[in-house]
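>>> okay, sequence plus prediction incoming.
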Amino acid sequence: MKITWRAPNLELDPIFQEHAVEKLGKLERFFNGRGVEAQVTLSALRGRESVEITLWVDGLILRGQETSGTFRSSVDSVVDKLERQVMRHRTRLLKRLGRITESREALAAPADHGDPLSVSKVVRIKRFPVKPMSLEEALLQMNLLEHDFFLFRREEGGFGLLYRRRGGDYGLLIPD
């Protein structure tokens, strides 16, 4: 597993890194030796330590974030959360990963804080690769990320915005 560490204004403890690598290794067993890339982002604010982990496996993205009193307990919680995500969607994941043969593209570039939009009310800019996918794949990806909406490129062409409705159903917006 290739791991990228991001810890702005923090010094990484080698003992913590070893612990995190060991915990992340638990997730690798689900993907049968496929090229798994992980990005671990650490942040500390007002005595709370947060860990965000994003995994890329053959174009599939899994993400989890936890905040607690220590980085060690946060990484334990977020890895458990990711493991539950994989188990909850196991059948669909196995089916999807069996169909995909392309390799993972390079990680998206970090947010450009020199962008004029970032000085207004926009507090975070994310960039991500977009590849064509079916509605079923988009729904799976949205649920894995635990988001209420998901923008994707449709296989038929154009973009679609999938969103979760209040009743638990889903909606799809397609621009003309």
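It's in.

>>> low-confidence stretches in the chain?
For the chain, applying pLDDT under 70 flags the ranges 33-34, 90-123.

>>> quick check, central residue of this protein?
Centroid-nearest residue in the chain: Arg63, 2.9 Å away (criterion: CA atoms, centre = their mean).

>>> for that residue, which non-adjacent residue is closest in space?
Here the nearest residue to Arg63 in space, its sequence neighbours aside, is Thr54; by CB to CB, 6 or more residues apart in numbering that works out to 4.8 Å. Where C-beta positions appear, they are placed from N, C-alpha and C, glycine not excepted.

>>> doesn't that neighbour lie inside a strand?
Yes: under DSSP: H, G, I helix; E, B strand; the rest coil, Thr54 falls within a strand.

>>> thought it was touching Gln39?
Yes: here Thr54 reaches Gln39: they are 4.7 Å apart, a contact under CB atoms under 8 Å.

>>> could you check which of these two has the larger neighbour count?
More crowded of Thr54 and Gln39, by other CB atoms under 10 Å: Thr54, with 20 against 17.

>>> elements contacting the top helix by length along the chain?
Secondary structure of the chain per DSSP state H: the longest helix is helix 71-88. Helices and strands touching helix 71-88, by 3 or more CB pairs under 8 Å, 6 or more residues apart in numbering; DSSP states H and E, are helix 14-28, strand 48-57, strand 60-68.

>>> do that again at 10 Å, thanks
If contacts are counted by 3 or more CB pairs under 10 Å, 6 or more residues apart in numbering; DSSP states H and E, helix 71-88 sits against helix 14-28, strand 36-45, strand 48-57, strand 60-68, helix 90-99, helix 135-145.

>>> so of these, which one's packed in deepest?
Most buried of those by mean neighbour count (mean count of other CB atoms under 10 Å) is strand 48-57; its value is a mean of 20.

>>> chain center to that strand: distance?
8 Å (CA atoms, centre = their mean, to the nearest Å).

>>> which elements pack onto that strand?
strand 2-6, helix 14-28, strand 36-45, strand 60-68, helix 71-88, helix 90-99.

>>> for those, could you give me JSON lines that also reports distance to Arg166?
Output for the helices and strands packed on strand 48-57, formatted as JSON lines (distance: least, CB to CB, whole Å):
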{"stretch": "strand 2-6", "distance to Arg166": "35"}
{"stretch": "helix 14-28", "distance to Arg166": "32"}
{"stretch": "strand 36-45", "distance to Arg166": "31"}
{"stretch": "strand 60-68", "distance to Arg166": "23"}
{"stretch": "helix 71-88", "distance to Arg166": "21"}
{"stretch": "helix 90-99", "distance to Arg166": "24"}
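
>>> alright, that wraps it up for me.
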